[in-house]
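Enquirer: Could you look at this predicted model? Sequence included:
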4 protein chains.
Amino acid sequence: SRQEYVKNFEVHSTILPSTWMVARLDGNSFTKFCETHGFVKPNDIRALSLMNEAAIYVCKQLPDIVVAYGQSDEYSFIFSKKSNVYGRRIEKILSIVISMFTSAYVYNWNRFFDIPLQHPPVFDGRIVCYPNDEIMMDYMRWRQADCHVNNLYNTIFWAIVHSGKTTTEAHEQLKGSTSAVKNERLFTEFGINYNNEPEIFRKGTALIKPLYEPTHEDVFKEEFYRNHGIIE
Amino acid sequence: SRQEYVKNFEVHSTILPSTWMVARLDGNSFTKFCETHGFVKPNDIRALSLMNEAAIYVCKQLPDIVVAYGQSDEYSFIFSKKSNVYGRRIEKILSIVISMFTSAYVYNWNRFFDIPLQHPPVFDGRIVCYPNDEIMMDYMRWRQADCHVNNLYNTIFWAIVHSGKTTTEAHEQLKGSTSAVKNERLFTEFGINYNNEPEIFRKGTALIKPLYEPTHEDVFKEEFYRNHGIIE
Amino acid sequence: SRQEYVKNFEVHSTILPSTWMVARLDGNSFTKFCETHGFVKPNDIRALSLMNEAAIYVCKQLPDIVVAYGQSDEYSFIFSKKSNVYGRRIEKILSIVISMFTSAYVYNWNRFFDIPLQHPPVFDGRIVCYPNDEIMMDYMRWRQADCHVNNLYNTIFWAIVHSGKTTTEAHEQLKGSTSAVKNERLFTEFGINYNNEPEIFRKGTALIKPLYEPTHEDVFKEEFYRNHGIIE
Amino acid sequence: SRQEYVKNFEVHSTILPSTWMVARLDGNSFTKFCETHGFVKPNDIRALSLMNEAAIYVCKQLPDIVVAYGQSDEYSFIFSKKSNVYGRRIEKILSIVISMFTSAYVYNWNRFFDIPLQHPPVFDGRIVCYPNDEIMMDYMRWRQADCHVNNLYNTIFWAIVHSGKTTTEAHEQLKGSTSAVKNERLFTEFGINYNNEPEIFRKGTALIKPLYEPTHEDVFKEEFYRNHGIIE
Ligand SMILES: Nc1nc2c(ncn2[C@H]2C[C@H](O)[C@@H](COP(=O)(O)OP(=O)(O)OP(=O)(O)O)O2)c(=O)[nH]1
Ligand SMILES: Nc1nc2c(ncn2[C@H]2C[C@H](O)[C@@H](COP(=O)(O)OP(=O)(O)OP(=O)(O)O)O2)c(=O)[nH]1
Ligand SMILES: Nc1nc2c(ncn2[C@H]2C[C@H](O)[C@@H](COP(=O)(O)OP(=O)(O)OP(=O)(O)O)O2)c(=O)[nH]1
Ligand SMILES: Nc1nc2c(ncn2[C@H]2C[C@H](O)[C@@H](COP(=O)(O)OP(=O)(O)OP(=O)(O)O)O2)c(=O)[nH]1
Ligand SMILES: O=P(O)(O)OP(=O)(O)OP(=O)(O)O
Ligand SMILES: O=P(O)(O)OP(=O)(O)OP(=O)(O)O
Ligand SMILES: O=P(O)(O)OP(=O)(O)OP(=O)(O)O
Ligand SMILES: O=P(O)(O)OP(=O)(O)OP(=O)(O)O
Ligand SMILES: [Mg+2]
Ligand SMILES: [Mg+2]
Ligand SMILES: [Mg+2]
Ligand SMILES: [Mg+2]
Ligand SMILES: [Mg+2]
Ligand SMILES: [Mg+2]
Ligand SMILES: [Mg+2]
Ligand SMILES: [Mg+2]
Ligand SMILES: [Mg+2]
Ligand SMILES: [Mg+2]
Ligand SMILES: [Mg+2]
Ligand SMILES: [Mg+2]
């Protein structure tokens, strides 16, 4: 047709070859979404399991993913440096990962929650390119460190709140306290040995090619990547 | 953390200010998906209604959308030239539009179909930038022309098939035939006046700000855009 | 060869079709370069003439340029919206414009200056995309306004300095003073009617297709663009 | 000013951190330029020396360049992976490298050639990003292989022509002949031992940080990069 020319305005940006492509998605306004759907605080195992279910679906559809890592309302998918999926087109990869994940999340909701979904959940996403193994591993460490820091904080925060303080008081008490102090207080005041908390809460979840079964390993050590054939 | 630096590898591409941003999504392998779910051929009103439902949800969440246009397994969302949604960041807009649409599609499936969803449907997407009104209108015309051409073809194709021919024979007969010839044959052989076919099939669906109620207007005429305040 | 694959890492970004492409270059550290070569203050007609000479060379080589505008140590080249020069590849256009200009500047130095060039002058550059006529014209106005503001300031600044004040005193006196006040002081204290200053200093230089002869017109009025066939 | 907003249309693309940035420039229509200026065929030592002179100027101005490689009418500048020159902005780096090189080329012309420059020479340029050492080295090898292949061809081509054949005949004779055959013919027919040809012709020129003095080493071996501290 006479209008066909508008197709020429499309731009197909690609990710540099021979680099790690990482797609990270994150729940949109999940603070509110978790509230609305009565998620257990600070960690709801049903919510995490559903996230994992959706992520596994994505991995199985896109086997160029060598490892995925999830925690809280986010998931990261790491594609092989050699992957040529969708010609490495950014918009194709991003939109398809986001759509698959969202679709599987809603599709599987009822298998994990009794309460019906109140409205469609939404995730945002991005593609990031990491040029070498060291930086890709630091990316993974960054997300797991984030998981650790947030979870330690949330664990003691809700322990304080459940002991009768307001959330404002709990925040106040925790301001500036180190990890060591938090661990100590958890143990002496609340009888919680943080290291005995469920691994899925403390470490998040890694899905590793080819089975993509949930594990909660430490992703800080280079061995993790070597042992699983993620790097050579 | 020591790994925070990996955040600097993120790139936030944006769409040129004062231009039309168009997000188009399209069902992934919907030829197969429609088959699997027994969609009526060539047009399944339930499928189109569900597409519209999902698109309306997107529009209501993102009111910078001034008009959306859908047909078959695709939808286009046109953002105001003045929109500053998500700072015009391409990946943010794309991922959120795709996620909202997919989420609402799955969420609402049961309201339109009796058959349960067999697996999560997936859409891909892209953002295209059109610099002026004339080209934006040509974009809309391009999609509606595509709707028309495909629908006229499909209408006669399935009429021939339902009359007892194989799909191969039907394809063969239609090869190279003009619109005029197709219209004529539809009328004389099958008693179908193409102009009396449902507008939603022939024209697709436009959702116009602020109500975003489905209409099936002709988007070729400049009046369409002026009358609805899409252009000045 | 076995290494040919490295060619695939090249990225050829292009400028959106049907938009104004503007290449602007600016002398690198010209404050120092002007000092070193004894440029007359605040305006050296030889320097401006050499800039114009180099720019004319660029325009004649690249006739998709419809207008160019220069002042101080900078020049802007405006390509037709319809131009398909180098397939609108950003790096090609940018590098060739910069190289042509720099080459012609050094090549022609001796025709304008007696003092030999002390070291190679350097220009940086960028390509900017403007989606419509109104914004392209605002771009031109922005550069001419910059010319006017700087030149008015420099004219009175050097008048004060030549009258025996230090540069620090001159800066101090001018801090926060309006254009009106500067005009008035120039006239009453120094007997300079600013409007009688040479047009090339006050307005900068426009080169207009097809002859690209230097003019010093006002580029604020829409007529400028219409009269010269720059816009329709 | 009211027009200041046009500045927001500028886009500052950057090169991914921790990768090799390579700027390559190449003479524009140098086939003709060499003809016009009577360059010796196939290699003019004055031309190569001037190229080197201009490249050394660039390297000294931009000491993040760890190695540069030149041959024929082209030069490549390799920036350290850690470089943050101009915030890794593509257009800044590209335009400044191109401008510096062109400027120094014209500026130094008379030191190498007796014939005056007939018109301003022009170079185009590009920035390419290579994610790791191996690929950066392959890039260098690719350019040196190109030098070798072209120079071997040109050497025998001009030997044949100087022996009285037409250029068409020479081309015809060489069509499809291997390197081994060319070497052999050079030796037996023309008494030329190709390995005794000047290194600058056979290998091109590498400029290595910090002195950037011309060398004509083999850049195929990894030792080249290790010995000179280009890689670790
Ligand atoms: N109660 C509960 N909340 C959770 C759980 N997992 C995640 N969340 C909540 C805690 C945080 O408020 C939120 C995740 O933090 P984000 O930084 O992603 O914030 P949010 O999604 O609200 O905003 P955003 O749209 O991502 O900027 O989700 C859970 O298992 N239980
Ligand atoms: N039976 C039936 N099929 C439909 C209906 N709407 C769309 N489809 C089918 C017809 C086409 O095979 C397909 C849309 O064409 P596409 O070019 O988007 O192909 P498809 O999605 O298979 O591949 P893609 O992944 O987009 O490249 O969806 C409908 O209402 N009824
Ligand atoms: N004396 C004299 N100076 C001039 C003339 N034209 C331009 N200049 C000087 C005045 C300014 O210091 C300088 C232009 O300002 P810029 O903002 O471009 O500064 P400069 O080039 O030093 O730094 P840059 O590398 O562009 O950031 O050039 C002239 O005709 N005579
Ligand atoms: N006679 C002579 N010619 C040379 C010498 N160095 C380079 N050239 C010529 C040979 C080639 O025709 C030309 C370089 O090849 P290119 O592929 O760069 O072609 P050219 O610059 O003509 O076109 P381009 O604008 O780069 O696409 O320069 C030299 O030392 N002596
Ligand atoms: O979403 P935040 O606040 O964790 O931080 P971000 O994801 O880096 O910000 P954005 O979503 O705007 O890219
Ligand atoms: O999907 P098609 O075949 O209609 O054409 P396209 O969408 O332009 O192709 P792609 O999905 O690969 O961008
Ligand atoms: O210039 P060529 O023909 O050697 O090849 P190229 O440089 O890769 O092509 P272009 O200059 O168009 O990028
Ligand atoms: O060079 P300036 O300071 O006039 O401002 P700019 O050109 O916008 O800055 P940059 O050269 O860093 O793009
Ligand atoms: Mg975020
Ligand atoms: Mg979130
Ligand atoms: Mg989050
Ligand atoms: Mg497609
Ligand atoms: Mg489809
Ligand atoms: Mg389709
Ligand atoms: Mg600047
Ligand atoms: Mg300057
Ligand atoms: Mg300047
Ligand atoms: Mg080239
Ligand atoms: Mg060349
Ligand atoms: Mg060349």
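Expert: Perfect, thanks for sending it. Ligands and ions are numbered 1, 2, ... in the order given.
Enquirer: What helices and strands are in contact with the lengthiest helix in chain A?
Expert: The longest helix of chain A (DSSP state H) is helix A:133-162. Packing partners of helix A:133-162 (3 or more CB pairs under 8 Å, 6 or more residues apart in numbering or on different chains; DSSP states H and E): strand A:20-27, strand A:65-71, strand A:74-79, strand A:123-130, helix A:167-174, helix A:179-190, helix A:199-203, helix A:222-227. (Glycine included, C-beta is placed from N, CA and C.)
Enquirer: what about it, average pLDDT?
Expert: For helix A:133-162, the mean per-residue pLDDT is 97.
Enquirer: does any bit of that helix sit next to ligand 1?
Expert: No: in terms of CB under 6 Å from any ligand atom, no part of helix A:133-162 sits within range of ligand 1; the closest distance is 7.8 Å.
Enquirer: buried stuff in that helix?
Expert: Residues A:133, A:135-148, A:151-153, A:155-161 are the ones in helix A:133-162 that count as buried (16 or more other CB atoms under 10 Å in any protein chain shown).
Enquirer: Using the three-state scheme, assign A:P42.
Expert: coil (DSSP: H, G, I helix; E, B strand; the rest coil).
Enquirer: quick one: it from ligand 4, how far?
Expert: Applying CB to the nearest ligand atom, to the nearest Å, the value for A:P42 to ligand 4 is 63 Å.
Enquirer: Which residue lies closest in space to that residue, excluding its sequence neighbours?
Expert: Spatial nearest neighbour of A:P42, excluding adjacent residues (CB to CB, 6 or more residues apart in numbering or on different chains): A:N154 at 3.4 Å.
Enquirer: Tell me who's in contact with the residue lying closest to A:F201 once chain neighbours are set aside.
Expert: Closest residue in space to A:F201, ignoring its immediate chain neighbours: A:N43 at 4.6 Å, by CB to CB, 6+ apart. For A:N43, the contact set (CB atoms under 8 Å, 6 or more residues apart in numbering or on different chains) comprises A:N151, A:N154, A:P198, A:I200, A:F201.
Enquirer: Kindly recompute the last result at 10 Å.
Expert: Contacts for A:N43 (CB atoms under 10 Å, 6 or more residues apart in numbering or on different chains) come out as A:Q71, A:S72, A:N151, A:N154, A:T155, A:W158, A:E197, A:P198, A:I200, A:F201, A:R202.
Enquirer: Count the neighbours of the residue nearest to A:D146 when sequence neighbours are not counted for me.
Expert: Leaving aside its chain neighbours, A:D146 sits nearest to A:Q71 (7.2 Å; criterion: CB to CB, 6+ apart). A count of nearby residues for A:Q71, using other CB atoms under 10 Å in any protein chain shown, gives 25.
Enquirer: On the strand side of things, show who A:Q71 bridges to.
Expert: Beta-bridge partners for A:Q71, by DSSP bridges, are A:E74.
Enquirer: A:R143 is in contact with that one, correct?
Expert: Yes: under the criterion of CB atoms under 10 Å, A:Q71 makes contact with A:R143 at 6.6 Å.
Enquirer: any residues in contact with both of those two?
Expert: Residues touching both A:Q71 and A:R143 by CB under 10 Å, 6+ apart: A:G204.
Enquirer: A:A54 - that's part of a strand, no?
Expert: No: if the criterion is three-state DSSP, then A:A54 is helix and not within a strand.
Enquirer: Report the contact partners of the residue of chain A at minimum distance from ligand 17.
Expert: Nearest to ligand 17 in chain A, going by CB to the ion, is A:V11, at a distance of 31.3 Å. Contacts for A:V11 were tallied using CB under 10 Å, 6+ apart; they are A:R89, A:I90, A:E91, B:S13, B:I90, B:R126, B:I127, B:V128, B:C129, C:S13, C:T14, C:L16.
Enquirer: Let's see that with 7 Å instead.
Expert: Under the criterion of CB atoms under 7 Å, 6 or more residues apart in numbering or on different chains, A:V11 has no neighbours.
Enquirer: does it sit in a helix or strand, and which one?
Expert: Using DSSP states H and E, A:V11 is not contained in any helix or strand.
Enquirer: could you check the distance from it over to chain D?
Expert: For A:V11, the distance to chain D (CB to the nearest CB, to the nearest Å) stands at 13 Å.
Enquirer: and that residue, what are its phi and psi?
Expert: When quoted as degrees, to the nearest 10, the phi and psi of A:V11 stand at phi -120, psi 130.
Enquirer: is the nearest residue to A:H12 once chain neighbours are set aside in a bridge, and if so with what?
Expert: Spatial nearest neighbour of A:H12, excluding adjacent residues (CB to CB, 6+ apart): A:R89 at 5.2 Å. Counting by DSSP bridges, A:R89 is bridged to A:T14.
Enquirer: Return the residues of chain A in contact with ligand 11.
Expert: A:D26, A:S72, A:D73, A:E74 (CB under 5 Å from the ion).
Enquirer: Read off the pLDDT value for the closest residue to the first one other than its chain neighbours.
Expert: Yep, that's A:D26 we're talking about. Nearest residue to A:D26, sequence neighbours excluded (CB to CB, 6+ apart): A:E74, at 4.2 Å. pLDDT, A:E74: 99.
Enquirer: What residue in chain A comes nearest to ligand 20?
Expert: A:P17 (24.0 Å).
Enquirer: Name all residues that make contact with the residue nearest to A:D26.
Expert: Here A:E74 is in contact with A:R24, A:L25, A:D26 (CB under 7 Å, 6+ apart).
Enquirer: Buried among these? Need that as a selection in ChimeraX.
Expert: Buried subset of those, written as a ChimeraX selection, criterion 16+ other CB under 10 Å:
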select /A:24,25
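Enquirer: Just put the contacts of A:E74 in TSV and tack on pLDDT and distance to ligand 20.
Expert: TSV is the format used below for the contacts of A:E74 (pLDDT from 0 to 100; distance: CB to the ion, whole Å):
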residue	pLDDT	distance to ligand 20
A:R24	99	42
A:L25	99	45
A:D26	99	47
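Enquirer: so where is chain A shaky, pLDDT-wise?
Expert: Judged by pLDDT under 70, chain A has no weakly predicted residues.
Enquirer: Around chain D, pick out the residues from it.
Expert: Residues of chain A that fall close to chain D, judged by CB under 7 Å from any CB of the partner chain: A:L16, A:S18, A:T19, A:C129, A:P131, A:N132, A:I135.
Enquirer: A:Y194 and A:L152 touch, don't they?
Expert: Yes: with contacts counted by CB atoms under 7 Å, A:Y194 reaches A:L152, the gap being 6.4 Å.
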